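K.L.:
The following comprises the amino acid sequence and a computationally predicted model.
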Amino acid sequence: MAGNYSSEKKWRLFRNYTYTGTAGIFIFVGLIAFSVSGPEPYPLRYPSNFGSRFTVPEDNPTTKEGVYLGRMLFYEKKLSAGNSVSCESCHQQKRAFTDGKALSTGLNGAQTARNSMSLANLLWVRNYFWDGRAGSLEEQARFPLTDPHEMGQDLQESVRKLQETAPYPALFKQAFGSDRITEERIVQALAQFQRTLISAGSPYDDYLAGRYDPTDLELSGMRLFESNPDPERAIRGANCAHCHGGPRLHKELFHNNGLDLSASDPGREAVSGERSDKGRFRVPTLRNILLTAPYMHDGRFASLEEVLDHYSDHVQAAENLSSFLRGSSNEINGTQLALTSPEKQAIIAFLGMLTDTVFITNPDFTNPHNHP
């Protein structure tokens, strides 16, 4: 089983012919201790307020050797047909592992069906992709590798290529105890690397730890972000925390956020088969949000100003509109949230606190083919 190695010392018999003399040959037989150790556990470091409610598969523990192999594979173009694209093509570190496009460009210039999601803090995610069709990072990895609009290569062909390419057999042996490359081990290594992509070094994290004093504008935006509007009590709010609250800035939810009166993309419905899930998509994290434009599952909004204009004034009353959005307004008997322009700017100032420059420059996440 992958990663199933003992770190305890193993004993082996040795013989040492050390002396030949008139009395004959003395044969010293004894025991020598040497360490037979497997992959070294990778320490997943994160703030305590992120919580430890996540699952690492028993058959794919996170190890330093496995993570390094996964990092190599993440940037490896030989995993694609024609050796033309890699995972990085749609997930660039400088953009918090997105690509800056409304729809990503895959094999032969083909466009993907949806916007590229950030890979930050996937350790805590339970359902992957906008529609939640994958229940693990291992399962998730198979989709882009084989999708004809993305990397477009059968995994058996990827196995063949890697088996013939140094240093991969040796790296697989270090990570899994055998130089035999398999489909399962490819996706396991990629999953291990992606579990380490933890973003927790933003000014907002420093604020939560008492190390950062927000500006007045940032504080105003934070209050709006965390508050629900109650016009009868003169409380103004942006109603964001229902879906994006907590230190990780996302919740494991699927919502129809009123982009269209009738959604053309079925979203979660295509997975669940439930009509009530039509147009519902996974709530993404807002961490590094200033770096991950354009926004929404189809990348329709080029800026945060457009996003806030939507939530403020243009939410469509879809049949299954999120209950968190339905009837939320800063005006008595209002039908839209109705934020003011200064309020929108304050919210954007707060969202700027979520940019983690440590994350987007971390050398542990860079292309090892360029910088081993």
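P.N.:
Arrived safely, thanks for sending. Not measured: the values here are computed from a predicted model.
K.L.:
what about the residue lying closest to residue 78 once chain neighbours are set aside, distance to residue 87?
P.N.:
Using CB to CB, 6 or more residues apart in numbering and skipping the chain neighbours, the partner closest in space to residue 78 is residue 161 (4.6 Å). Where you see a C-beta, it was placed from the backbone N, CA and C, and this is true even at glycine. Look at residue 161 and residue 87: by CB to CB, to the nearest Å, they are 15 Å apart.
K.L.:
Of the two, which one has the most company?
P.N.:
When residue 161 and residue 87 are compared for neighbours, residue 87 comes out ahead with 24 against 17, by other CB atoms under 10 Å.
K.L.:
How about the contacts made by that one?
P.N.:
73, 74, 75, 79, 144, 151, 190 (CB atoms under 8 Å, 6 or more residues apart in numbering).
K.L.:
Residue 314 now?
P.N.:
Residue 314 neighbours (CB under 8 Å, 6+ apart): 258, 336.
K.L.:
Redo the contacts of residue 87 as a markdown table? Include neighbour count and distance to residue 280.
P.N.:
Shown next, in a markdown table, are these (neighbours: other CB atoms under 10 Å; distance: CB to CB, whole Å):
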| residue | neighbour count | distance to residue 280 |
| --- | --- | --- |
| 73 | 25 | 32 |
| 74 | 24 | 29 |
| 75 | 17 | 33 |
| 79 | 25 | 31 |
| 144 | 24 | 22 |
| 151 | 24 | 27 |
| 190 | 27 | 27 |
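K.L.:
closest to residue 205 among these?
P.N.:
Using CB to CB, residue 74 comes nearest to residue 205 of the contacts of residue 87, at 24.6 Å.
K.L.:
Check what pLDDT the closest one gets.
P.N.:
At residue 74, the pLDDT value in this model is 98.
K.L.:
Go ahead and confirm residue 91 touches residue 120.
P.N.:
No. Assessed by CB atoms under 8 Å, residue 91 is found out of contact with residue 120, at 10.2 Å.
K.L.:
Give me the most central residue, this structure.
P.N.:
By CA atoms, centre = their mean, the chain has its centre lying nearest to residue 119, at 2.5 Å.
K.L.:
All the helices of the stretch 51-200 of the chain, residue numbers only.
P.N.:
Using DSSP state H, counting those that start in this stretch, the helices assigned to the stretch 51-200 of the chain run over residues 64-74, 137-146, 155-163, 168-176, 183-195.
K.L.:
quick one: which of those helices is nearest residue 333?
P.N.:
Counting by CB to CB, residue 333 lies closest to helix 137-146 out of the helices of the stretch 51-200 of the chain; the figure is 44.4 Å.
K.L.:
residues making contact with that closest one?
P.N.:
Residues outside helix 137-146 that contact it (CB under 8 Å, 6+ apart): 57, 60, 79, 87, 90, 122, 128-129, 133-134, 150-155, 158, 184, 186-188, 190-191, 194-195.
K.L.:
Could you pull out the buried residues of it?
P.N.:
For helix 137-146, the neighbour count (16 or more other CB atoms under 10 Å) marks 137, 138, 140, 141, 142, 144, 145, 146 as buried.
K.L.:
Centre of the chain to it, how far?
P.N.:
13 Å (CA atoms, centre = their mean, to the nearest Å).
K.L.:
Return it as CSV; C-alpha atoms alone will do.
P.N.:
Only the C-alpha atoms of helix 137-146 are listed here, as CSV (Å, rounded to 0.1, in the frame of the first residue of the first chain):
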residue,chain,number,x,y,z
LEU,A,137,-8.5,15.4,-4.8
GLU,A,138,-7.5,12.0,-6.3
GLU,A,139,-10.7,11.7,-8.2
GLN,A,140,-10.6,15.4,-9.2
ALA,A,141,-7.1,15.0,-10.8
ARG,A,142,-8.4,12.5,-13.4
PHE,A,143,-10.8,15.0,-15.0
PRO,A,144,-8.4,17.6,-16.4
LEU,A,145,-5.8,15.0,-17.3
THR,A,146,-8.1,13.1,-19.6
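K.L.:
The stretch 251-372 of the chain: helices as residue ranges?
P.N.:
Secondary structure of the stretch 251-372 of the chain (DSSP H, counting those that start in this stretch): helices located at 269-272, 304-313, 341-352, 357-361.
K.L.:
which other helices and strands contact the second one?
P.N.:
Packing partners of helix 304-313 (3 or more CB pairs under 8 Å, 6 or more residues apart in numbering; DSSP states H and E): helix 341-352.
K.L.:
Check which helices and strands the helix it packs on is in contact with.
P.N.:
Contacts defined by 3+ CB pairs under 8 Å, 6+ apart place helix 341-352 against helix 216-226, helix 304-313.
K.L.:
show me what contacts residue 360?
P.N.:
Contact partners of residue 360, counting by CB under 8 Å, 6+ apart, are 93, 94, 95, 96, 288, 291.
K.L.:
switch the cut-off to 6 Å
P.N.:
93, 94, 96 (CB atoms under 6 Å, 6 or more residues apart in numbering).
K.L.:
For the second one, give its distance to residue 348.
P.N.:
Between residue 94 and residue 348 the computed distance is 20 Å (CB to CB).
K.L.:
what about those two, which has more around it?
P.N.:
Summary of the neighbour comparison: residue 94 and residue 348, criterion other CB under 10 Å, with residue 348 having more neighbours (19 against 11).
K.L.:
measure the more buried one to residue 217 for me?
P.N.:
Residue 348 is 9 Å from residue 217, by CB to CB.
K.L.:
Equivalent analysis for residue 79, please.
P.N.:
45 Å.
K.L.:
do residue 323 as well
P.N.:
According to CB to CB, residue 323 stands 31 Å off from residue 217.
K.L.:
Check residue 81 too.
P.N.:
49 Å.
K.L.:
So for residue 269, what's the pLDDT?
P.N.:
On the pLDDT scale, residue 269 is placed at 98.
K.L.:
got it, and residue 370?
P.N.:
pLDDT, residue 370: 84.
K.L.:
Then residue 21?
P.N.:
Value for residue 21, per-residue pLDDT: 36.
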